[in-house]
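1. no FASTA, just this:
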């Protein structure tokens, strides 16, 4: 991850001896290369940089933890413990997201795909699976031992990666790597408070430690910026968004199927299923309307963009949990009102729309009307909360309508640009 303190983008650097060429990360480590290589920076200007199979596997395993957090959020909200459930969800999701994000930005700058790099990455995957196994205990019994242990495994593996970088680097780059290693390790010690402090103090510890974690990249990179690849980073975030949205569809589908099998209540479930699909389809469309890598030009921009995705990922996953809650309420399994069940879908949907607008869409919208589409859509989705059993379907219609309006604006802008270009190219113009 990068710091916001250096506004300019460093020049692209040659990967250097021992580093991985632009297309080598996807090839087997034994294909003509030594199994152990120096962990040196890759060039920011590499052509055709794409996610590696190891990165895709990494994402898939992390979504297991996201799914477990969503399941526990469903149980908490359905049992009328929404405030406690949301707090636990925010804490656990932060651990998942932060570990994923740190690896993603590190890999964009230093992935050499040698044997040791692969092994350490697999250790991180093992850590997230341990964390996932402890999520139920964290929600139900406030026992964070397995969550802390899984997080510790991931973070110590990340520390080892930074120490490898420091061993190969010199000057300010080496200082940066050592700062990362020390910051990650010290923060992990701070998280021990989740195991020893009384329960009322844990939310405050979480807030303080989360701030410290966010400050580690700012401090580490204040004198030297890692050579993350804009297109690669944008692709990695986009792929994780797709996986989270896919998990949302899976969770909602399983919930509808189970409820229909047990209660034969298709009349109550179809509006929820259709509305949920419209929401998820629209969420995908809105996120990928414009390529964002062109916006990631400086450390300040990438810093805000990368951190802001906590809200995008968490809200996208929460939509799936909300759809499960709505299904359980429709078949009278949840101990909450229809209004509360509707809010479990509409509020994360509105948060998702606002987050995507703030991080993506607003940079490419022209004029007040275009800028207002997503914020007004988020407000309309919130108002759908009060429509009783039709709330989810109405929210889906609003989301789909938002996509349609965006398409109309895009077509109008394209026609205007085409007309301007034709006038400019006409003989005698200007």
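-> Nice, thanks for sending it over. Everything quoted here is computed from the prediction, not taken from an experiment.

2. which residues of the stretch 151-300 of the chain score low on pLDDT?
-> Within the stretch 151-300 of the chain, the ranges that satisfy pLDDT under 70 run 262-265, 293-300.

3. which stretches of it form helices?
-> Along the stretch 151-300 of the chain, counting by DSSP state H, counting those that start in this stretch, helices occupy 171-190, 193-196, 202-220, 230-263, 266-287, 299-330.

4. now residue 171: how far from residue 223?
-> 9 Å (CB to CB, to the nearest Å). Using the backbone N, CA and C atoms, a C-beta is placed for each residue, glycine as well.

5. Neighbour count for these two, which is higher?
-> A side-by-side neighbour count of residue 171 and residue 223, using other CB atoms under 10 Å, places residue 223 first with 15 against 9.

6. Against residue 163, how distant is the more buried one?
-> 19 Å.

7. cool, and residue 242?
-> 33 Å.

8. ok, now residue 209?
-> For residue 209 relative to residue 163 (CB to CB), the value is 22 Å.

9. neighbour-wise, which of the two wins?
-> residue 209 (19 against 16).

10. could you list every residue that touches the closest residue to the more buried one other than its chain neighbours?
-> Sequence neighbours aside, residue 190 is the residue nearest to residue 209 in space, at 5.1 Å (criterion: CB to CB, 6 or more residues apart in numbering). Residue 190 is in contact with 205, 208, 209, 212, counting by CB atoms under 8 Å, 6 or more residues apart in numbering.

11. export these to TSV and tack on distance to residue 320?
-> TSV is the format used below for the contacts of residue 190 (distance: CB to CB, whole Å):
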residue	distance to residue 320
205	28
208	30
209	27
212	30
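
12. and these, which are buried?
-> Burial by neighbour count, 16 or more other CB atoms under 10 Å: within the contacts of residue 190 this picks out 205, 209.

13. what pLDDT does the closest residue to residue 237 other than its chain neighbours get?
-> Of all residues not flanking residue 237 in the chain, residue 309 sits nearest, at 5.9 Å (CB to CB, 6+ apart). Looking at residue 309, its pLDDT reads 92.

14. burial of residue 309, as a residue count?
-> 19.

15. now residue 266
-> Neighbour tally, residue 266, other CB under 10 Å: 11.

16. wouldn't it be in contact with residue 260 here?
-> Yes. Counting by CB atoms under 8 Å, residue 260 is a contact partner of residue 266 at 5.6 Å.

17. before we move on, the earlier item: was I right about the residue nearest to residue 237 contacting residue 101?
-> Yes. Using CB under 8 Å, residue 309 is in contact with residue 101, at 7.5 Å.

18. ok, now which ones touch the residue most central in space within the chain?
-> Nearest to the geometric centre of the chain sits residue 313, at 3.8 Å (CA atoms, centre = their mean). For residue 313, the contact set (CB under 8 Å, 6+ apart) comprises 66, 93, 97, 240, 241, 244.

19. Residue 399 too?
-> 278, 279, 282, 283, 286, 349, 353, 377, 381.

20. any idea how far it is from residue 43?
-> Look at residue 399 and residue 43: by CB to CB, they are 40 Å apart.

21. Can you tell me how far the nearest residue to residue 169 once chain neighbours are set aside is from residue 213?
-> Spatially, and ignoring its direct neighbours in sequence, residue 169 is nearest to residue 177 (5.7 Å; CB to CB, 6+ apart). Here the distance between residue 177 and residue 213 works out to 17 Å (CB to CB).

22. and these two? which has more neighbours close in?
-> Comparing residue 177 with residue 213 by other CB under 10 Å, the one with more neighbours is residue 177, at 25 against 21.

23. now the helices: where do they sit in the stretch 301-430 of the chain?
-> 338-359, 367-383, 391-425.

24. which stretch among the ones you listed comes nearest residue 250?
-> Across the helices of the stretch 301-430 of the chain, residue 250 has its closest neighbour in helix 338-359 (16.0 Å, CB to CB).
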